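Trainee: just to be clear, the model below is a prediction. Sequence and coordinates:
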Amino acid sequence: MENRIQLPSFDDFLLNLQTKNLSEETVYNYERDLKTFEDFLNEINTPFDKVDKKIILHYKAYLTSRDRKTPKLALGKKRLASYSINRMLSALRSYLKFLTNLDYPVPVPPNAIELMKTEKKLSKVGEFEEILKLLDAPLKFEKNKNVAIRNKAILETLFSTGARISELVNIKLTDVDNNGRIFIKGKGKKERFVYLTPRAQKYLKEYLKIRENSDSPYLFIPFKGKNVNLKAKKISTNYLEDRIKKYRELLGLNVPITPHGFRRAFATYLAEKGASVAAIQILLGHESLDTTTRYVRASQRFAEEIFKKYHPLKD
């Protein structure tokens with residue numbers, strides 16, 4: 001059996017990421033993305049020290065094709081989006097920079113890894129009436145009353161706080177205070193507070209009344225399923241994504257409102273009410289103001305209203 005081609009100092013690279021206090025999920029993403037590159041080198045039977053710019057070009061083409069294989073060696077079912085490809089290329093670039101800092105000979109310089117051009121699209125944000133319908137969907141469609149109350153509280157919390165879905169499922173009971181504040185540990189273990197509207201507080205209190213006396217420290221817990229007997233059980237992101245998709249289908253909503261769609265809507269409607277981009281940046285936990293700007297620019301209707309109201313030649 002042939003020896004598998006491996007990336008040099010790979011474990012040291014992952015250890016270096018951990019020392020930077022990155023989240024487990026971020027480190028895992030780096031590991032997964034670089035394993036894809038390692039799998040590619042094995043497929044073309046090329047050792048790391050023989051990599052050149054042409055092979056990097058082939059790797060980019062490989063990532064854009066349907067013939068690529070996932071880290072589990074299964075054929076990719078669909079083409080990767082450009083932002084996913086750029087994430088993988090950025091991981092490779094970071095790895096090469098790490099090797100360079102160790103004075104390890106790298107076959108290509110890090111700056112030779114050029115990212116793909118991405119088309120900047122204005123993300124669609126659900127109309128406010130559609131958001132309200134989706135918020136009420138659990139009470140309308142869930143047959144189990146407790147599930148309905150819990151899912152209602154989850155959706156209200158998502159829209160009230162603008163939290164990422166990964167942040168929401170990791171909220172613990174001790175993270176919520178009596179004044180409607182929730183302590184969040186976000187991307188890169190960055191900490192911030194988010195806030196509940198009186199409406200969201202109301203539905204969260206209703207959920208806490210029916211929440212089981214569980215040993216789990218997490219706020220939102222499953223009532224059934226494979227994780228129900230875990231001591232530290234919590235609702236899964238996959239479950240929430242599936243339920244929101246189901247609610248959207250049952251309501252016949254065309255705009256693809258997702259858990260992340262609540263986050264975009266949160267930012268957009270705060271901006272429409274006059275909130276500053278800087279304040280929204282803090283609430284969303286964004287490191288870059290540019291990222292926040294992309295979130296709040298999506299309301300074309302609002303932009304048109306401002307134009308008609310304030311243009312000097314409007315009359």
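Mentor: That came through, no problem.

Trainee: all contacts plus neighbour counts: C-alpha atoms, from now on.
Mentor: Fine.

Trainee: tell me where this structure has strands.
Mentor: 181-185, 191-195 (DSSP state E).

Trainee: tell me the most buried of the ones you listed?
Mentor: strand 181-185 (a mean of 19; mean count of other Cα atoms under 10 Å).

Trainee: now it: mean pLDDT?
Mentor: Strand 181-185 carries an average pLDDT of 91.

Trainee: just the CA atoms of it, as CSV, please.
Mentor: Output of strand 181-185 as CSV, limited to C-alpha atoms (Å, rounded to 0.1, in the frame of the first residue of the first chain):
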residue,chain,number,x,y,z
ARG,A,181,-29.7,41.0,28.0
ILE,A,182,-28.0,37.9,26.6
PHE,A,183,-24.2,37.4,26.9
ILE,A,184,-22.8,36.0,23.6
LYS,A,185,-19.5,34.4,22.9
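
Trainee: quick one: low-confidence parts of the protein?
Mentor: Low-confidence segments of the chain, defined by pLDDT under 70: 1-2, 66-78, 118-124, 188, 255-256, 287-315.

Trainee: what ranges does it have for its helices?
Mentor: 10-19, 24-43, 53-64, 82-101, 128-141, 145-161, 165-168, 198-210, 237-251, 259-272, 277-284, 289-296, 300-310 (DSSP state H).

Trainee: map the structural domains onto the sequence of the chain.
Mentor: Using automatic domain parsing, the domain parsing of the chain gives 10-112, 128-309.

Trainee: can you name the residues that contact the closest residue to R192 other than its chain neighbours?
Mentor: Leaving aside its sequence neighbours, R192 sits nearest to I184 (Cα to Cα, 6 or more residues apart in numbering; 5.4 Å). Applying Cα atoms under 8 Å, 6 or more residues apart in numbering, we find I184 in contact with E167, I171, D175, E191, R192, F193, V194.

Trainee: who touches the fourth one in this structure?
Mentor: It refers to E191. So E191 contacts F183, I184, K185, G285 (Cα under 8 Å, 6+ apart).

Trainee: again with the third one
Mentor: Taking Cα under 8 Å, 6+ apart as the contact definition, D175 lies against I182, F183, I184.

Trainee: ok, so of those residues, who is nearest F13?
Mentor: I184 (27.7 Å; Cα to Cα).

Trainee: separation between that closest one and N16?
Mentor: I184 sits 25 Å away from N16, going by Cα to Cα, to the nearest Å.

Trainee: from L196, how far off is D177?
Mentor: Relative to L196, and taking Cα to Cα, D177 is found at 10 Å.

Trainee: could you dump the domains of the chain to TSV with distance to N3?
Mentor: As requested, the domains of the chain are exported to TSV (distance: least, Cα to Cα, whole Å):
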stretch	distance to N3
domain 10-112	10
domain 128-309	36
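
Trainee: so which of those domains comes closest to R4?
Mentor: Taking the domains of the chain one by one with Cα to Cα, domain 10-112 is closest: 6.8 Å.

Trainee: thinking again about what came up before, possible to save the strands of the chain as JSON lines with distance to G252?
Mentor: Output for the strands of the chain, formatted as JSON lines (distance: least, Cα to Cα, whole Å):
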{"stretch": "strand 181-185", "distance to G252": "32"}
{"stretch": "strand 191-195", "distance to G252": "30"}
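
Trainee: of all the ones you listed, which one is nearest L253?
Mentor: So among the strands of the chain, strand 191-195 is nearest, using Cα to Cα, at 27.4 Å.

Trainee: just confirm I56 contacts E114, I think it does.
Mentor: No - at 9.3 Å, I56 and E114 do not qualify as touching, with contact defined as Cα atoms under 8 Å.

Trainee: quick one, which of those two is more surrounded?
Mentor: Neighbours were counted for I56 and for E114 using other Cα atoms under 10 Å; I56 has more, 17 against 14.

Trainee: disregarding residues adjacent in the polypeptide, which is nearest to that one?
Mentor: Closest to I56 by Cα to Cα, 6+ apart is I113, at 7.3 Å.

Trainee: ok, the one you found - contacts?
Mentor: The neighbours of I113, taking Cα under 8 Å, 6+ apart as the test, are I56, L89, S90, L92, R93.

Trainee: what's the answer for K60, then?
Mentor: I85.

Trainee: any idea how far it is from L89?
Mentor: 8 Å.

Trainee: do the same with L99
Mentor: Counting by Cα to Cα, the gap from L99 to L89 is 15 Å.

Trainee: and for L14?
Mentor: 16 Å.

Trainee: quick one on the thing from earlier: so can I have a markdown table of the contacts of E191 showing distance to L139?
Mentor: Listed next are the contacts of E191 as a markdown table, based on distance: Cα to Cα, whole Å:
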| residue | distance to L139 |
| --- | --- |
| F183 | 27 |
| I184 | 27 |
| K185 | 30 |
| G285 | 30 |
